[in-house]
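Student: dropping a prediction and its sequence here:
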Amino acid sequence: MQAEQPLKKQVAFEKILQELNRAGDFKAALLSTTEGLSLASAPAGYEDEMAAATVALLNKVARQAHQQLSLAQVDELSLVGDDRTRLTCRYFSVANQDLVLTVLTPPDCYYRRLTNQAIREIRQCWLD
């Protein structure tokens, strides 16, 4: 029975990410640990390993900026391409676990409100 619990949560996380993509017309969304372990993605399997490795690398950059530049805790990192496509990593914690919600958005797309809502839903699902 307990082995089913992580699978149920993964399915729930994937539904949250699918809805996030639909609502924002995002290209992809990924939920991972700050160490780069992928927990869920939408579309399912969307270059999970590559995206999680990128998130881990960006997390290292955020930690270095925090330490070397005395920045406050970083809650978001964004990379914007020449075509204005944006890769955004939103950092948050739940139950002593540091997580990252990463979204790939179309040019000039609003994402903050939608990712805030997804983070709230992920937190609730995590604690259920």
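Tutor: Everything's here; your move.
Student: all contacts plus neighbour counts: C-alpha atoms, from now on.
Tutor: Will do.
Student: what residue is smack in the middle of this protein?
Tutor: residue 101 (1.2 Å; Cα atoms, centre = their mean).
Student: what sits against residue 110?
Tutor: residue 24 (Cα atoms under 8 Å, 6 or more residues apart in numbering).
Student: quick check: phi and psi at it.
Tutor: With angles defined as degrees, to the nearest 10, residue 110 sits at phi -80, psi 130.
Student: that older thread, distance of the residue nearest to the centre of the chain from residue 90?
Tutor: 5 Å (Cα to Cα, to the nearest Å).
Student: need the overlap of contacts for these two.
Tutor: Joint contacts of residue 101 and residue 90 (Cα under 8 Å, 6+ apart) are residue 115.
Student: how about residue 89: what's its closest non-neighbour residue?
Tutor: In this structure, residue 89 finds its nearest non-sequential neighbour in residue 102, 4.3 Å apart by Cα to Cα, 6 or more residues apart in numbering.
Student: surely the one you found touches residue 27?
Tutor: No. Between residue 102 and residue 27 there is no contact under Cα atoms under 8 Å: 10.9 Å.
Student: lowest-scoring secondary structure element of the protein by mean pLDDT?
Tutor: Every helix and strand of the chain was ranked by mean pLDDT, DSSP states H and E. The lowest is helix 48-68, at a mean of 72.
Student: hey, C-alpha coordinates of whichever helix or strand comes after that one in CSV?
Tutor: Sequence order places strand 76-80 as the next helix or strand after helix 48-68, per DSSP states H and E. The C-alpha coordinates for strand 76-80 follow below in CSV (Å, rounded to 0.1, in the frame of the first residue of the first chain):
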residue,chain,number,x,y,z
GLU,A,76,13.3,32.6,-8.8
LEU,A,77,15.8,32.4,-11.7
SER,A,78,14.9,33.0,-15.3
LEU,A,79,16.7,32.6,-18.6
VAL,A,80,15.3,34.4,-21.6
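Student: how distant is strand 76-80 from the center of its chain?
Tutor: Its chain's C-alpha centre and that of strand 76-80 lie 12 Å apart, by Cα atoms, centre = their mean, to the nearest Å.
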